[in-house]
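Asker: Based on what follows, work out the 3D shape:
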Amino acid sequence: MQLSEKFIIILYPRDTIARKNDKNELMKIKISSYIFPYFIKNLSIMKKAISILSLILIAAICKAQLIVTGGAAVTPAQMINHILGWGVMATNITYTGSSQAHGIFNGGNLFIAGGGIILSTGIVDYNIGWAATNLLTTNLAQSGDTIFSPANTYDATVLEFDFDAASDSIRLNFIFASEEYNEFVNAPANDLFGIFISGPGYNNTQNIALIPGTSTPVSINNVNNGVSSGSATGPCMNCQYFIDNYGLNNFAFDGYTIPLTATAVVNPCETYHLKIVIADANNPDFDSALLIEDGSFSSAGGIDLFVDNVPALANDTVSACPGDTIILLVNQASNYNWSTGASTQSIMVVAPPLGFPIYQYSAFVTNPPFYSCFAYTPAIWIKSDTCSATAINPIENKSEVSFFPNPFNDRAKLIFKNSNHEHISLKIFDVAHKLIKVFETTGEEFEIQKGNIEPGIYFYELTNSTSQIIYDGKMVVQ
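Answerer: Predicted coordinates:
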């Protein structure tokens, strides 16, 4: 190809470009994967294109490089603001530890968000972005933390705060990294960390930094690929969550976890306490760090609304027979504010007569007297359809069922078809879906006596010998 020849280069995705010359000949030319639609008609424009591609490549390299800002210039409030996401509000922020042991970072391809905060048992500075051939070990002459008792700990770094959540759960993404990988795997004592929650519903402080699907805290001894003075070769201990970084570039710690997610159940708009802590164990040598992703501490999704014990979706339309009673229930909270004006956890509504407008219902939870947090249920609609009062459950249309009287104040009968004398179970639940009573039969009826059942609204299920629900409904005890 001569440079004086007129030609057009069209840049396409993936790894090739197509070149078409004056003779209408098409050629494929290897090029960088960073491709933009760009038409090159002469050599000077080609030089500009190469410059653009070079800038993109430099940007990509910068993104891969871990850039750390640490020390007293980063305040505890700034760190919390980095990790706060949707639906949470933090107050009473405190930090305990060396002024050199915390910071923020960008790049490094560790998290999708691209950055986050670091808490360390050593100095947080640019050295963390160096190759793993550099040893990070610092005695900061700081005390440990008693939350890890009876372990002897040193150089504890603690970030803690109160929070309110706008739904019934919280989550945050983290990575644990350590210089104790891989040499000190299975040692009697290793550096420790935890993300501890306390508050309503928790009798004790609970660590939520767990191996996925277990109640086991993440640590060096239970997330690794075996002990080694170099690259680890097994045996695997939850090593699907472990990255062996021995001798590699861009991150100084010899090993670290993949991004993991800590989750907890909370009551919406009630105050909880979170304590994020990391410490050296047994001695102050060999640094470890906890990284938390920007914007990942969040509480998304609002609060659940149940219609006759079934979770509802936003703008669901519930059909019922005219005059039927329907139980609406929200998760446990400190207060309840229904669109009807009710302030109880559950309400009973009645399906309107045929031809009447459909009714909308919803609820929210807040935190008086401050009213700084609001958690909302989805809104649902209730309408009436033409139907028989003895209609069979449309989901499990397998039995003809009659329950009478309902409501009742002494006893009631539940009659159903069971021609094959199959083993049938009747389970009765309260509005919180707590199992109250269980009855068994191979016949075709149950007699339910009030006995010690408190007045109220209950749900029941009929299940067959394979535990399949063949009918469900509700009953009212007076």
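
Asker: rest of the way, CA atoms for contacts and neighbours
Answerer: Fine.

Asker: For residue 431, see how far away the residue nearest the centre of the chain is.
Answerer: For the chain, residue 171 is the residue whose C-alpha lies nearest the centre (Cα atoms, centre = their mean; 4.4 Å). Separation of residue 171 from residue 431 (Cα to Cα, to the nearest Å) stands at 27 Å.

Asker: Equivalent analysis for residue 423, please.
Answerer: Distance, residue 423 to residue 431, using Cα to Cα: 26 Å.

Asker: Comparing those two, which residue is more hemmed in?
Answerer: Taking neighbours as other Cα atoms under 10 Å, residue 423 and residue 431 compare with residue 431 leading, 20 against 15.

Asker: Quick one: residues contacting the more buried one.
Answerer: The contact partners of residue 431, taken as Cα atoms under 8 Å, 6 or more residues apart in numbering, are 309, 329, 346, 457, 458, 459.

Asker: Next one, pLDDT for it please.
Answerer: Listed pLDDT for residue 431 reads 70.

Asker: now residue 419
Answerer: On the pLDDT scale, residue 419 is placed at 76.

Asker: Also residue 81?
Answerer: 96.

Asker: Flag the shaky bits of the stretch 251-400 of the chain, pLDDT-wise.
Answerer: 386-400 (pLDDT under 70).

Asker: can you give me the strands in it?
Answerer: 255-257, 260-265, 271-281, 288-293, 305-307, 310-311, 317-320, 325-330, 337-338, 346-350, 359-361, 363-366, 374-376, 380-384 (DSSP state E, counting those that start in this stretch).

Asker: same question, the stretch 101-250 of the chain
Answerer: Remark: strands assigned in the stretch 101-250 of the chain by DSSP E, counting those that start in this stretch are 102-106, 115-120, 153-165, 169-178, 192-199, 202-207, 242-244.

Asker: For the last one, buried residues please.
Answerer: Residues of strand 242-244 classed as buried under the neighbour-count rule (16 or more other Cα atoms under 10 Å) are 242, 243, 244.

Asker: Ok, the longest one next?
Answerer: Within strand 153-165, the residues that qualify as buried by neighbour count (16+ other Cα under 10 Å) are 153-165.

Asker: Contacts only, for residue 102.
Answerer: Taking Cα under 8 Å, 6+ apart, we find residue 102 in contact with 70, 71, 74, 117, 118, 119, 120, 123, 124, 157.

Asker: State the pLDDT value of it.
Answerer: 96.

Asker: thinking again about what came up before, tell me which of the strands of the stretch 251-400 of the chain sits most buried.
Answerer: For the strands of the stretch 251-400 of the chain, average neighbour numbers computed from mean count of other Cα atoms under 10 Å are highest in strand 288-293, which has a mean of 26.

Asker: ok, residue 178 - contacts?
Answerer: Neighbouring residues of residue 178 by Cα under 8 Å, 6+ apart: 191, 253, 254, 255, 256, 286, 287, 288, 289.

Asker: Find me the pLDDT at it, would you?
Answerer: 95.

Asker: how near is it to residue 199?
Answerer: 30 Å.

Asker: just residue 110 next, same as before
Answerer: 31 Å.

Asker: quick one: which of these two has more around it?
Answerer: The neighbour count for residue 110 versus residue 199, taken as other Cα under 10 Å, is higher for residue 110 (20 against 17).

Asker: check contacts around that one.
Answerer: Residue 110 makes contact with residue 259, according to Cα under 8 Å, 6+ apart.

Asker: Kindly recompute the last result at 10 Å.
Answerer: If a contact means Cα atoms under 10 Å, 6 or more residues apart in numbering, then residue 110 has 64, 66, 116, 174, 175, 251, 257, 258, 259, 291, 293 as its contacts.

Asker: The third one touches residue 109, doesn't it?
Answerer: No - here residue 116 does not reach residue 109: they are 11.3 Å apart, not a contact under Cα atoms under 10 Å.

Asker: More neighbours: which of the two?
Answerer: More neighbours surround residue 116 than the other of residue 116 and residue 109, with 25 against 14 (other Cα under 10 Å).

Asker: Confirm for me that residue 96 is in contact with residue 157.
Answerer: Yes - with contacts counted by Cα under 10 Å, residue 96 reaches residue 157, the gap being 5.9 Å.

Asker: Common neighbours of those two, please.
Answerer: 142, 143, 145, 277.

Asker: With residue 429 as the reference, measure out to the first one.
Answerer: Counting by Cα to Cα, the gap from residue 142 to residue 429 is 54 Å.

Asker: do the last one as well
Answerer: The gap separating residue 277 from residue 429 is 41 Å, by Cα to Cα.

Asker: tell me which strands and helices the helix or strand harbouring residue 461 is in contact with?
Answerer: Here residue 461 sits within strand 456-463, counting by DSSP states H and E. If you count contacts as 3 or more Cα pairs under 10 Å, 6 or more residues apart in numbering; DSSP states H and E, strand 456-463 packs onto strand 325-330, strand 346-350, strand 424-429, strand 435-441, strand 469-477.
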